[in-house]
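K.L.:
Just a sequence and a predicted model for now, questions to come.
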Amino acid sequence: MPGGVALPVMTKWGLRVAMALAVVASACSSGAHKHAAAVPTTVPDKTANGASALSPAPGAPLGENIYAATGVGDFAPATKDVPYRIYVPNSDGSSVDVINPETYKVIDHYPVGRNPQHVVPAWDLRTLYVANDLSSSLTPIDPVTGKPSGPNIPVDDPYNMYFTPDGASAIVVAEAHRHLDFRDPHTFALQTRVPVTCKGIDHMDFSADGRYLIASCEFSGQVVKVDVATRQVVGYLATGGAPQDVKVDPAGKIFYVADMKAGGLHEIDGDRFTEVGFLPTGPETHGLYPSRDARFMYVTNRGGAARHGSISVVDFTTRQVVQTWKLPGNTTPDMGGVSPDGKILWVSGRRDRAVYAIDTTTGAIVARIRVGAGPHGLCVWPQPGRYSLGHTGILR
């Protein structure tokens, strides 16, 4: 056994464009980012006997599995003393809810900026950032206390945020403005702006060696490939539909791209940048999450107008759906992450003000927790891994 609708596209796009100019003048302002520790030049690894060691930080894979350092118990020293919590950005409520996963209760709630989309772990694992899209700001959270740890940090249009595998840059995904902003990962000063011609750029993942990234462009039915070293667009590939989350397989060869309109996964050969297959999953395919043993990928399907959400379980080896968990009642599973022990898939219910805790052995919902309006890119923290590539917690 595996693992141990937002608004219609044009409505969403129109809302964001209409509001963007109105919030520029009122975007949160602050001084330089002061609370984060310097990025280490090395990151923790494990020796053969399980003791902690240090290995170079670049994004090279470990053997044949790029997720080999994210198994159960593989915590980095930076996450020591961090309590296990679920951070939920309420996009329509301009707030964050904090859930205790042991009690399945909301234990904290606080305002952030306007339209928070994702809670993003920093590359060095020491800070979480709330991407406040329409406030053009990031709210830093100290994961030890679970509370905001400093003033909002002004950045342009942060729908999402990632980090390069070497930790040299944060990449702020300015969806409405059609560019990727490479920024200093501590001060968030702009390093390089990479314009794109596709519409609705929002999610991405990196090659096994970190040389390039592939990002989805939701509103133009494309994906874009960017050379990380030169910070230049390599090319565009038409997929059609409305591509969403992106995740590379453990071998670092196939990039899966969720398509909310097509109801399945585009399979992209990253090196050749060609589509090599399509795997149907369910209505409104959205989020992609590897299991702790990297054998399977959990795929959220938001369920369409009927709100009959489901989770598809994809075998990475066979590239086939091996199980489909149909969730009871009105459910709209969106984004989230896997628990540190691999036993629970935590997912936001985008259109029903809920978070679901789903048993990864049975597919049953073991808890449904009431949260704020429009819960989106929730973050499970801490997680095992050497460093974070961002989003809701892509660790390697």
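P.N.:
Alright, I've got the coordinates.

K.L.:
is it true that Tyr162 touches Phe182?
P.N.:
No - Tyr162 is beyond contact range of Phe182, at 10.1 Å (criterion: Cβ atoms under 8 Å). No exception for glycine: its C-beta is placed from N, CA and C like everyone else's.

K.L.:
Common neighbours of the two, please.
P.N.:
Common contact partners of Tyr162 and Phe182 (Cβ atoms under 8 Å, 6 or more residues apart in numbering): 170-171.

K.L.:
so where's this protein uncertain?
P.N.:
For the chain, the stretches with pLDDT under 70 are 1-63.

K.L.:
Contact partners for His391?
P.N.:
118, 120, 160-162, 203-204, 377 are the contacts of His391 under Cβ under 8 Å, 6+ apart.

K.L.:
if we can go back for a sec, which of Tyr162 and Phe182 has more neighbours?
P.N.:
Each of Tyr162 and Phe182 has its neighbours counted (other Cβ atoms under 10 Å); Tyr162 has more, 25 against 20.

K.L.:
so what does the strand or helix carrying Pro140 touch, helix or strand wise?
P.N.:
Using DSSP states H and E, Pro140 falls within strand 137-142. Under the contact criterion of 3 or more Cβ pairs under 8 Å, 6 or more residues apart in numbering; DSSP states H and E, strand 137-142 touches strand 128-132, strand 147-148, strand 153-154.

K.L.:
Excluding its own residues, what touches that strand? List them.
P.N.:
Applying Cβ under 8 Å, 6+ apart, the contact partners of strand 137-142 are 27-28, 33, 35-36, 87, 96, 112-113, 116, 119, 127-132, 147-150, 152-155, 158, 161, 188.

K.L.:
From the residues you listed, list the buried ones, please.
P.N.:
Neighbour counting over the contacts of strand 137-142 (16 or more other Cβ atoms under 10 Å) leaves 27-28, 33, 36, 87, 96, 112-113, 116, 119, 127-132, 148-150, 152-155, 158, 161, 188 as the buried ones.

K.L.:
My read is that Val172 contacts Ile153, right?
P.N.:
No - counting by Cβ under 8 Å, Val172 stays clear of Ile153, with 10.3 Å between them.

K.L.:
who touches both of these two?
P.N.:
Here Val172 and Ile153 have Phe188 as joint contacts, going by Cβ under 8 Å, 6+ apart.

K.L.:
thought Ser312 was touching Lys326?
P.N.:
No - Ser312 is beyond contact range of Lys326, at 10.2 Å (criterion: Cβ under 8 Å).

K.L.:
Gln232 bridge partners, please.
P.N.:
Beta-bridge pairing of Gln232 under DSSP bridges involves Asp227.

K.L.:
roughly how far apart are it and Val226?
P.N.:
Distance of Gln232 to Val226, given as Cβ to Cβ, to the nearest Å: 7 Å.

K.L.:
Pick out whichever of the two has more residues nearby.
P.N.:
Using other Cβ under 10 Å as the criterion, Gln232 and Val226 rank with Val226 on top: 22 against 11.

K.L.:
got the contact list for Ala229?
P.N.:
Arg211.

K.L.:
for it, helix, strand, or coil?
P.N.:
What DSSP: H, G, I helix; E, B strand; the rest coil gives for Ala229 is coil.

K.L.:
just so I have it, where are all the helices in the chain?
P.N.:
All helices of the chain, identified by DSSP state H, fall at 9-24.

K.L.:
Run a quick check on Cys379 versus Leu128, I expect a contact.
P.N.:
Yes - with contact defined as Cβ under 8 Å, Cys379 reaches Leu128; the gap is 6.2 Å.

K.L.:
hey, what's in contact with both of the two?
P.N.:
The contact lists of Cys379 and Leu128 share 87, 119-121, where a contact means Cβ under 8 Å, 6+ apart.

K.L.:
Return the subset of the residues you listed lying in strands.
P.N.:
Among the shared contacts of Cys379 and Leu128, the residues falling in strands (DSSP state E) are 87, 119-121.

K.L.:
Show me which of the residues you listed is closest to His266.
P.N.:
Taking Cβ to Cβ as the measure, His266 lies nearest Val120 of these, at 24.2 Å.

K.L.:
ok, how many other residues are close to that closest one?
P.N.:
With other Cβ under 10 Å as criterion, Val120 counts 31.

K.L.:
Check Glu102 too.
P.N.:
A count of nearby residues for Glu102, using other Cβ under 10 Å, gives 9.

K.L.:
Once you drop chain neighbours, what's closest to it?
P.N.:
Distances taken as Cβ to Cβ, 6 or more residues apart in numbering put Tyr84 closest to Glu102, at 7.4 Å, once the chain neighbours are dropped.
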